[in-house]
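S.K.: Okay, predicted coordinates and the sequence, questions at the end:
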Amino acid sequence: MDRYKVIGEFGNQYVVKRDGDIRNVRVAGKFKNGLILRSEYPVVGDWVIIDDSGLIVEVCARRNSVARKRSGKKYEQQILAANIDYMFIVAPLDTELNLNKIDRFLLLSQTNKIEPVIVLTKADICEDVDACIDKMVHRYGGMMKVIISDKDTDDGINGLKRILQPEKTGIFVGPSGAGKSTLVNRLLNEEKARTAQVREKDKKGKHTTTNRQLYELEGGAFIIDTPGIREIGLWINKEIYSVSDELDNLARDCRFGDCSHKVEPGCAILDAVEKGMVSRADYRAYVKLKDEIRFAEMAQNDMVKYAYEKKMKIRKREAGTESRRKR
Ligand SMILES: Nc1nc2c(ncn2[C@@H]2O[C@H](COP(=O)(O)OP(=O)(O)O)[C@@H](O)[C@H]2O)c(=O)[nH]1
Ligand SMILES: [Mg+2]
Ligand SMILES: [Zn+2]
């Protein structure tokens with residue numbers, strides 16, 4: 001029994017690594033039978049236990065994970081990767097900087113206890129990089145780590161390398177066409193993660209990253225590319241998080257503890273918006289995220305309950321046929 005790190009996920013095949021030992025494995029049948037949720041299957045970044053016959057028999061507890069809502073109707077969590085140290089939030093400077101999009105990823109990193117680093121790409125084709133940085137500082141203060149990257153210099157790449165110390169794992173997230181795969185390729189110095197050609201008209205890249213993989217850098221850090229998460233369905237951890245410290249602080253003065261900040265009398269946030277102390281854009285983004293969190297919490301509770309009940313029903317049925325067979 002040995003502990004391996006999952007570095008590749010290709011359907012039901014996993015590539016695992018332990019020092020120089022790299023192998024292809026599958027999960028053991030008895031492991032599969034013990035699962036309740038799909039999210040319990042191994043993902044890249046997981047530590048797994050391999051038994052003597054070379055099968056995965058256990059996934060070690062995750063320090064954290066990055067997940068999104070699986071596409072489709074069912075409200076189900078899809079874990080992209082586990083045990084992440086840095087979330088590189090990639091935003092291109094060739095179009096107007098969309099801070100609301102960055103906010104969503106910041107929330108994702110915050111609720112999962114992953115340090116966020118904003119990476120602004122395509123500085124070479126941006127007319128006013130300073131203005132973009134001012135915009136960021138205004139919104140996030142000076143504490144946020146920001147890296148600026150262009151295609152002509154290695155400044156951005158070197159900034160990333162400084163952060164990516166041995167054993168650390170960083171995940172690149174952001175919209176399609178933002179330049180994630182380009183950064184991953186440059187870090188790896190080769191064409192490992194295929195870059196897509198941006199379609200000129202809509203500036204949206206095609207989706208080319210399908211299977212998930214952890215790439216190891218020369219220094220011993222790991223990086224993960226992700227496909228463009230166009231409309232990222234947030235998957236919120238039910239822990240305490242803050243969407244905006246400023247607005248959360250204001251909310252303490254609302255008359256009602258469960259104030260929705262939409263219609264209630266004595267709402268300190270609405271009051272601040274009225275007085276022009278909080279911008280309408282910030283207010284709208286705040287309320288929208290709060291709604292989404294509330295919905296995610298309710299849906300996740302139902303989903304876990306449903307999956308558990310379904311599993312129990314199957315077990316009961318299986319136990320039934322077992323005992324009939326024995327008789
Ligand atoms: N001018 C410029 N183009 C870039 C830069 N980074 C990426 N690109 C281009 O943007 C397009 C999309 O890049 P890609 O890495 O595939 O984006 P992804 O969808 O986020 O992985 C490609 O055509 C890249 O060549 C940059 O810093 N400057
Ligand atoms: Mg890509
Ligand atoms: Zn309120």
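M.R.: Perfect, thanks for sending it. Residues are numbered from 1 along each chain as shown. Ligands and ions are numbered 1, 2, ... in the order given.
S.K.: sec struct for the residue nearest the centre of the chain, please.
M.R.: With distances taken as CA atoms, centre = their mean, residue 66 lies nearest the centre of the chain, 3.5 Å away. Using DSSP: H, G, I helix; E, B strand; the rest coil, the secondary structure recorded for residue 66 is strand.
S.K.: separation between the residue lying closest to it once chain neighbours are set aside and residue 70?
M.R.: In this structure, residue 66 finds its nearest non-sequential neighbour in residue 80, 4.8 Å apart by CB to CB, 6 or more residues apart in numbering. Quick note: C-beta positions are derived from backbone N, CA and C, even for glycine. From residue 80 across to residue 70, the span is 11 Å (CB to CB, to the nearest Å).
S.K.: pLDDT score for the residue in the chain that ligand 2 sits nearest to?
M.R.: Proximity of the chain to ligand 2 (CB to the ion) peaks at residue 181, 3.3 Å away. Looking at residue 181, its pLDDT is 91.
S.K.: pretty sure it belongs to a helix, no?
M.R.: Yes - counting by three-state DSSP, residue 181 is found in a helix.
S.K.: Quick check on residue 80 and residue 70: which one has the bigger neighbour count.
M.R.: A direct count of neighbours by other CB atoms under 10 Å for residue 80 and residue 70 places residue 80 higher, at 21 against 16.
S.K.: got any ranges where the protein has weak pLDDT?
M.R.: Residue ranges of the chain with pLDDT under 70: 71-76, 190-211, 228-243, 295-307, 321-327.
S.K.: Do a quick rundown of the helices in it.
M.R.: With DSSP state H as the criterion, the chain has helices at 29-33, 99-111, 129-140, 155-163, 180-188, 245-251, 268-274, 280-326.
S.K.: Per the annotation, how does this structure divide into domains?
M.R.: Recorded structural domains for the chain (assignment: automatic domain parsing) are 2-61, 80-224, 242-327.
S.K.: which of those is buried the deepest?
M.R.: domain 80-224 (a mean of 17; mean count of other CB atoms under 10 Å).
S.K.: quick one, what contacts the residue nearest to the centre of the chain?
M.R.: Residue 66 makes contact with 79, 80, 81, 82, 84, 87, 108, 112, 114, 171, 173 under the criterion CB atoms under 8 Å, 6 or more residues apart in numbering.
S.K.: got these as TSV, with distance to residue 253 columns?
M.R.: Output for the contacts of residue 66, formatted as TSV (distance: CB to CB, whole Å):
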residue	distance to residue 253
79	38
80	38
81	39
82	39
84	36
87	32
108	28
112	29
114	31
171	37
173	34
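S.K.: any idea which of these is closest to ligand 3?
M.R.: So of the contacts of residue 66, ranked by how close each gets to ligand 3 (CB to the ion), first place is residue 108, at 24.4 Å.
S.K.: unless I'm mixing things up, the closest one is touching residue 80, no?
M.R.: No - taking contacts as CB atoms under 8 Å, residue 108 lies outside contact range of residue 80: 10.3 Å.
S.K.: I'd like the helices of the chain laid out as TSV, including distance to ligand 1.
M.R.: Shown next, in TSV, are those (distance: least, CB to the nearest ligand atom, whole Å):
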stretch	distance to ligand 1
helix 29-33	33
helix 99-111	13
helix 129-140	12
helix 155-163	8
helix 180-188	3
helix 245-251	29
helix 268-274	35
helix 280-326	23
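S.K.: Need the ones you listed in JSON lines (columns: distance to ligand 3).
M.R.: Output for the helices of the chain, formatted as JSON lines (distance: least, CB to the ion, whole Å):
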{"stretch": "helix 29-33", "distance to ligand 3": "47"}
{"stretch": "helix 99-111", "distance to ligand 3": "19"}
{"stretch": "helix 129-140", "distance to ligand 3": "22"}
{"stretch": "helix 155-163", "distance to ligand 3": "38"}
{"stretch": "helix 180-188", "distance to ligand 3": "37"}
{"stretch": "helix 245-251", "distance to ligand 3": "6"}
{"stretch": "helix 268-274", "distance to ligand 3": "5"}
{"stretch": "helix 280-326", "distance to ligand 3": "10"}
